[in-house]
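> Mind looking at a prediction? Sequence and model below.
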Amino acid sequence: MMLKRIGSLLFLLLLIAWFRGSICSGSEISIEADLSQSVIGLEDTVVYSIKVESSSQNIDFDIKPPSFEKFELLSTSRSSSISIVNNLLSRGIVNNYVLKPRETGVFTLRGARVIYEN
């Protein structure tokens, strides 16, 4: 039954390219995007997470998720963290989006945008 359900309701969710970059001002910023699973059924949900970390406390982040046009956005959440290790400060923000597909098919999620001010 499970194989039939998965076989008839397959979704392949292609993830954003995983990338890391650095900002010219000397502070580093890293951005990661992840899906909780890449294949789901029509009644299943998937969590899309965007994580931003910085070695500077003076950078403000504005995270812009991709369009979820083929999905119903069920909920969003945000968590933040600050850590100091060996006198080095880092802070992070994680945005989570719980998504449910609107129809069967193969969908690609475009890249998210992170706007920052130093």
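Thanks, I have it. Numbers count the residues shown, from 1 in each chain.

> mind listing the strands for the protein?
13-14, 19-22, 28-35, 46-54, 60-64, 71-85, 88-101, 107-108, 113-117 (DSSP state E).

> could you dump those to a markdown table with mean neighbour count?
Heads up, the C-betas are built off the backbone N, CA and C, glycines and all. Converted to a markdown table, the strands of the chain look like this (neighbours: other CB atoms under 10 Å):
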| stretch | mean neighbour count |
| --- | --- |
| strand 13-14 | 16 |
| strand 19-22 | 10 |
| strand 28-35 | 17 |
| strand 46-54 | 20 |
| strand 60-64 | 13 |
| strand 71-85 | 11 |
| strand 88-101 | 17 |
| strand 107-108 | 14 |
| strand 113-117 | 12 |
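
> need these in JSON lines with mean pLDDT, can you?
Converted to JSON lines, the strands of the chain look like this (pLDDT from 0 to 100):
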{"stretch": "strand 13-14", "mean pLDDT": "31"}
{"stretch": "strand 19-22", "mean pLDDT": "32"}
{"stretch": "strand 28-35", "mean pLDDT": "88"}
{"stretch": "strand 46-54", "mean pLDDT": "92"}
{"stretch": "strand 60-64", "mean pLDDT": "81"}
{"stretch": "strand 71-85", "mean pLDDT": "93"}
{"stretch": "strand 88-101", "mean pLDDT": "91"}
{"stretch": "strand 107-108", "mean pLDDT": "86"}
{"stretch": "strand 113-117", "mean pLDDT": "80"}
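
> Do me a favour and get the end-to-end distance for stretch 60-75?
23 Å (CA to CA, to the nearest Å).

> Show the model's pLDDT score for residue 68.
The score at residue 68 is 92. That number is its pLDDT.

> I figured it was touching residue 98, is that so?
No. Look at residue 68 against residue 98 with CB atoms under 8 Å: they stay out of range, at 10.4 Å.

> For residue 77, see how far away residue 92 is.
14 Å (CB to CB, to the nearest Å).
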